[in-house]
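Asker: my questions concern the predicted model and sequence given below.
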Amino acid sequence: MSPIVIKVGGALLEDQAAADNLLQNIQAIMHQRPVVLVHGGGPLVETLMASLGLTSSKIDGLRVTPDEHMPYICGALAGSANKTLCATALKAGITPVGLSLLDGNMVNCTAMHDKYGAVGTPVAQDANLLNSLLAQQFLPVISSIGSSAQGRLLNINADQAATVIAQLVNGELILLSNVKGVLDASKQLLTQLDATAIDKLVVDGVILDGMKVKTDAAMLAANSLGKPVTIASWSASLEDILQQHTGTRITPQPVKAGEKQ
Ligand SMILES: Nc1ncnc2c1ncn2[C@@H]1O[C@H](COP(=O)(O)OP(=O)(O)O)[C@@H](O)[C@H]1O
Ligand SMILES: CC(=O)N[C@@H](CCC(=O)OP(=O)(O)O)C(=O)O
């Protein structure tokens, strides 16, 4: 069965009970299917930067990252956030392996526009390491720190990181956040969205900031994998998400006759 790629937003790291609950859910699912966990850590980055007296801003939901901030961002994401989740996995009876996008040359990254600094676009590269870890029943826990081919460390948005990891293993992608899914202007859950509906919600100013990055990443993943991607809450049960489709399902564009995927 294809692996499940689960991405968790950084706010989960500030709620140990929710993290315990999620890892216990993952432990149960791993009896049936391999799982890969990709994580963010935005709030952790912000707390660390503030304690160092540094300011940090975002453009279009992406953190502007001067190269001199990378040691702290790398420490927060590939260090603190990654090891906290690995420790929580161990507590739930799972054997984790903590990684970042560059390990095993899994993902190659290229710097985006200079205005973002050391922020990159990820591209799936080599699935060897992941496949061998999954074959041995490990839980890969992957932070969104990447590197360019020239060895420049790059900060990657974790939703985009999860998309390329799902592409690498042809996985089923679930993006878990601190909201039930994509909400409409009245804060009601939207259970299914396609590209046209998402575009309208963006134009109407209903999908903003981090959720815009998330729906863009989900749409890209749904189209490239040819299967729906789910955006849901980490407090929902994984079994319900998989079987009852709790949350928002982002559906791929139908393939037109004669068109190659
Ligand atoms: N239409 C929307 N529906 C739900 N959340 C939205 C919407 N528009 C903006 N958001 C914001 O997006 C946030 C989720 O994105 P983000 O903070 O980047 O999450 P994560 O850290 O889990 O990746 C929500 O907490 C909410 O504040
Ligand atoms: C370029 C960029 O925006 N990087 C993100 C990486 C972490 C992330 O995406 O964390 P969440 O999933 O918790 O938002 C950042 O520095 O916050």
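Answerer: Thanks, I have the structure now. Ligands and ions are numbered 1, 2, ... in the order given.

Asker: C-alpha only now, for contacts and for neighbours.
Answerer: Noted.

Asker: for Val35, see how far away Glu172 is.
Answerer: Computed as CA to CA, to the nearest Å, the Glu172 to Val35 distance reads 9 Å.

Asker: just Tyr116 next, same as before
Answerer: From Tyr116 over to Val35 (counting by CA to CA), the distance is 32 Å.

Asker: between the two, which has more neighbouring residues?
Answerer: Looking at Tyr116 and Val35 with other CA atoms under 10 Å, you find the greater number of neighbours at Val35, namely 24 against 19.

Asker: which residues are in contact with that one?
Answerer: By CA atoms under 8 Å, 6 or more residues apart in numbering, the residues touching Val35 are 3-6, 26, 29, 134, 139-140.

Asker: keep only those of these that are in helices.
Answerer: Among the contacts of Val35, DSSP state H puts 26, 29, 134 in helices.

Asker: tell me which of those residues is nearest to ligand 2?
Answerer: Ile26 (18.5 Å; CA to the nearest ligand atom).

Asker: now the element after the longest helix along the chain, going C-ward?
Answerer: As assigned by DSSP H, the longest helix anywhere in the chain is helix 209-225. Scanning forward in sequence from helix 209-225 by DSSP states H and E, the next helix or strand is strand 229-233.

Asker: how far out from the middle of the chain is that next one?
Answerer: In terms of CA atoms, centre = their mean, to the nearest Å, the centre of strand 229-233 is found 11 Å from the chain centre.

Asker: and that strand, which strands flank it?
Answerer: Neighbouring strands of strand 229-233 in its sheet, by DSSP bridges, are strand 172-177 (parallel), strand 248-250 (antiparallel).

Asker: may I see the buried residues of it?
Answerer: 229-233 (16 or more other CA atoms under 10 Å).

Asker: and stretch 166-185, end to end?
Answerer: First-to-last residue span, stretch 166-185, CA to CA: 30 Å.

Asker: what is the rounded mean pLDDT of it?
Answerer: Stretch 166-185 shows a mean pLDDT of 97.

Asker: is it up against ligand 1 anywhere?
Answerer: Yes. Applying CA under 6 Å from any ligand atom, one finds stretch 166-185 in contact with ligand 1 at 177-179, 181-184.

Asker: from those residues, keep the buried residues only.
Answerer: Buried members of these, scored by 16+ other CA under 10 Å, are 177, 181-183.

Asker: tally of neighbours for the residue nearest to Gln253 when sequence neighbours are not counted?
Answerer: Once flanking residues are discounted, Gln253 sits nearest to Asn223: 6.1 Å by CA to CA, 6 or more residues apart in numbering. Neighbours of Asn223 under the rule other CA under 10 Å: 19.

Asker: can you tell me how far Asn223 is from Asp126?
Answerer: For Asn223, the distance to Asp126 - CA to CA - is 20 Å.

Asker: now swap in Ala87 and tell me
Answerer: Applying CA to CA, the value for Ala87 to Asp126 is 26 Å.

Asker: about what we covered before: from the buried ones among the residues of stretch 166-185 next to ligand 1, which land in helices?
Answerer: Of these, none are assigned to helices by DSSP H.

Asker: okay if I get these as CSV plus distance to Leu189?
Answerer: Listed next are these as CSV, based on distance: CA to CA, whole Å:
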residue, distance to Leu189
Ser177, 13
Gly181, 6
Val182, 6
Leu183, 5
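
Asker: so which of the residues you listed is the closest to Gln253?
Answerer: Nearest to Gln253 among those, counting by CA to CA, is Val182 at 18.3 Å.

Asker: the closest one contacts Leu190, correct?
Answerer: Yes. With contact defined as CA atoms under 8 Å, Val182 counts as touching Leu190 (5.8 Å).

Asker: now do the shared contacts for those two.
Answerer: 247-248.

Asker: Leu224 - how many residues pack around it?
Answerer: Leu isn't right for residue 224; it's Ser. 17.

Asker: thanks a lot, catch you later.
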